[in-house]
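Novice: Got a predicted structure here, sequence first:
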Amino acid sequence: MQIQKDENGLSLLKKGKKSLVHMVFSRMGLILTLLLIQVLFLLGMFQWFKDFLPHILGGTTLFTVGMVLYLLNSRIDPSAKITWLVVIMLLPVFGALLFWYTQSDIGHRALKFRLNQLISQTKNSIKQPSEVMETLQKEDEGVANLVRYMQRSGCFPVFDKTSVTYFPIGEKKWEELLCQLKQAKHFIFLEYFIIDEGLMWGKILEILARKVQEGVDVRVMYDGTCEFSTLPHDYPKRLKALGIKCKTFAPVTPFISTHYNYRDHRKILVIDGHTAFNGGVNLADEYINHIVKFGHWKDTAVMIKGEAVKNFTLMFLQMWNIDERVPEFDSFLTASVSAKKNTSGYVVPYGDCPLDDDKVGERVYMDILNRAKKYVHIMSPYLILDGEMEAALKFAAERGVEVKLILPGIPDKQIPYALAKTHYASLLGSGVEIYEYTPGFVHAKVFVSDDKEAVVGTINLDYRSLYHHFECATYMYGVDCIPEIETDFQSTVAQCRAVTPVTIRHEKLMLKLTGFIMKVLAPLM
């Protein structure tokens, strides 16, 4: 392994693009080839069943009716039901076998069992200060009830005496992150959806390597989809050569599995149990506008200091210990963390797991909308809504709440961009205001309401975040930085173009057609 050091920090990869030949004969090329073979095999099996199975069931019509009745009486999300009904009506046998395959949870049953086991074991590992909950109950009963709901699916206590710093752009988060990393004495935990070599990661890696030499326990975990786009399969070994412990969540394998649907979309960095970073910013150069991909990259993050950091420490350790025979929690959670003086409000770092029935991310957003009295201001890179979320946005606007959405002006993906626009007319009709960020791409995930509560985290307004990904966020009530979040929203709106019925009519025909056609597959996007 060659370690390169320059003005961009440390690099473990050779610079330069891979050739087509290298890509084809690499491990990733082999995996993709094997996956294609399996897809062709399954299609062949489906074709065989297509001619054979209907005769057993008494005909395709009877078979389709049975599947439709089953779907209508299932507990699947209503929007997803529509998608599956269309697929099965058009391709009865193929659609039914595909449905049963995806619902069989092939590939993540062991993950589900293990993670539920770890969550159960750690349910009470962080104590809820009773006086904090009692005080919150007196201040706002609705918020206290929301906190109780969050605690149904995990150990997410609410804390006061926690300081929160808001970063309105990725560059500011990165600068502070480097300063905080240099002060680490005991451990550093990083859990990110995307890591890519360059200036941002190079400077971070340089500090991490130095901290290992100082005896700091450094652990890095990133999602397996990085193997498709940014990092080689052996990157964990390269980090381990520096003394950094590293794991890939759900690494890509040559076997078709529903496990691929459940990605670790979280962005968590914990330092010594007393400082944590959370938000939309991954560890790649576009997130700090060092390189330009889709115009100016607008992102946000928070840094929290105090006891609430323990929630993020626990979330990281639960994912880290999935494949550990002897999980370790207590040594990282029992250390005393000093309360932050001269702070106000309450903080709840929380997670959302796709393997349970609690859609925490969506429910928190909907609860804020339902309790809002004056305004709810939202930033999200995607807008692919189920019926419940769309109804909540519209109902809030219809009862007089100012609901504003900021979405990208320059998209990173055309199909989600087209799908977002399919919601525009309906939302505008109910009074929701929609704005598109003309300088570039909005990757922020922010809710702020009534000058008193906010969420900053990783949870997009789309099916993947709300139903299929591991996510996390920081809920804040009465925290000092909330006015800063609202100020940032207003300054961002000033750089946007307003969406109106006229702008909708003048959208490109191909964009409209793409959204119209892909709408039926939206729950799978």
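Specialist: Arrived safely, thanks for sending. Computed from a predicted model, the values in this text were never measured in an experiment. Residues are numbered from 1 along each chain as shown.
Novice: ok, Gly429 to Leu393 distance?
Specialist: To Leu393, Gly429 is 12 Å away according to CB to CB, to the nearest Å. For every residue, glycine as well, the C-beta is placed using N, CA and C.
Novice: Just want to know which of those two has more residues nearby.
Specialist: The residue with more neighbours, out of Gly429 and Leu393, is Leu393; 27 against 12, by other CB atoms under 10 Å.
Novice: Wait, the more buried one touches Ile368, no?
Specialist: No - at 10.9 Å, Leu393 and Ile368 do not qualify as touching, with contact defined as CB atoms under 8 Å.
Novice: Who's the closest spatial neighbour of Ala335, skipping the chain neighbours?
Specialist: Gly273 (5.3 Å; CB to CB, 6 or more residues apart in numbering).
Novice: can you give me the strands in the stretch 401-525 of the chain?
Specialist: 402-408, 433-437, 440-442, 446-449, 453-457, 471-477, 496-498 (DSSP state E, counting those that start in this stretch).
Novice: possible to save the ones you listed as a markdown table with distance to Val218, mean pLDDT and mean neighbour count?
Specialist: A markdown table is the format used below for the strands of the stretch 401-525 of the chain (distance: least, CB to CB, whole Å; pLDDT from 0 to 100; neighbours: other CB atoms under 10 Å):
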| stretch | distance to Val218 | mean pLDDT | mean neighbour count |
| --- | --- | --- | --- |
| strand 402-408 | 34 | 98 | 23 |
| strand 433-437 | 35 | 98 | 21 |
| strand 440-442 | 31 | 98 | 24 |
| strand 446-449 | 30 | 98 | 26 |
| strand 453-457 | 24 | 98 | 27 |
| strand 471-477 | 20 | 98 | 26 |
| strand 496-498 | 40 | 98 | 14 |
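Novice: can I get the ones you listed in CSV with distance to Lys127?
Specialist: Below are the strands of the stretch 401-525 of the chain laid out as CSV (distance: least, CB to CB, whole Å):
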stretch, distance to Lys127
strand 402-408, 37
strand 433-437, 42
strand 440-442, 38
strand 446-449, 28
strand 453-457, 23
strand 471-477, 19
strand 496-498, 44
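Novice: can you tell me which of the ones you listed comes nearest to Ile76?
Specialist: strand 471-477 (20.2 Å; CB to CB).
Novice: Am I right that Lys421 is in contact with Leu513?
Specialist: No - taking contacts as CB under 8 Å, Lys421 lies outside contact range of Leu513: 11.2 Å.
Novice: Looking at the two, which one has more neighbours?
Specialist: A direct count of neighbours by other CB under 10 Å for Lys421 and Leu513 places Lys421 higher, at 22 against 11.
Novice: who's in contact with the residue nearest to Ala335?
Specialist: His186, Phe187, Val309, Lys310, Thr313, Phe332, Leu333, Ala335, Val337 (CB atoms under 8 Å, 6 or more residues apart in numbering).
Novice: Just the CA trace of the host helix or strand of the fifth one, in CSV.
Specialist: The secondary structure element spanning Thr313 is helix 309-320 (assigned by DSSP states H and E). Once side chains and other backbone atoms are set aside, the C-alpha atoms of helix 309-320 remain, and they are given as CSV (Å, rounded to 0.1, in the frame of the first residue of the first chain):
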residue,chain,number,x,y,z
VAL,A,309,-24.0,12.9,22.7
LYS,A,310,-24.4,9.5,24.4
ASN,A,311,-27.4,8.8,22.1
PHE,A,312,-25.1,9.0,19.0
THR,A,313,-22.4,7.0,20.7
LEU,A,314,-24.9,4.2,21.3
MET,A,315,-26.3,4.4,17.7
PHE,A,316,-22.7,3.9,16.4
LEU,A,317,-21.9,1.1,18.7
GLN,A,318,-25.1,-0.8,17.9
MET,A,319,-24.2,-0.8,14.2
TRP,A,320,-20.5,-1.5,14.9
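Novice: Mind listing what's buried along the strand or helix carrying Gln137?
Specialist: For Gln137, the host element (DSSP H and E) is helix 130-139. Using 16 or more other CB atoms under 10 Å as the test for burial, helix 130-139 gives Val132, Met133, Leu136.
Novice: and those as TSV, adding distance to Pro232?
Specialist: Below are the buried residues of helix 130-139 laid out as TSV (distance: CB to CB, whole Å):
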residue	distance to Pro232
Val132	46
Met133	47
Leu136	47
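Novice: For Glu398, state which of these is nearest.
Specialist: So of the buried residues of helix 130-139, ranked by how close each gets to Glu398 (CB to CB), first place is Leu136, at 29.4 Å.
Novice: Can you classify Ile76 as helix, strand or coil?
Specialist: Classification of Ile76 using DSSP: H, G, I helix; E, B strand; the rest coil returns coil.
Novice: surely it meets Leu85?
Specialist: No - counting by CB under 8 Å, Ile76 sits too far from Leu85 to count as a contact (10.2 Å).
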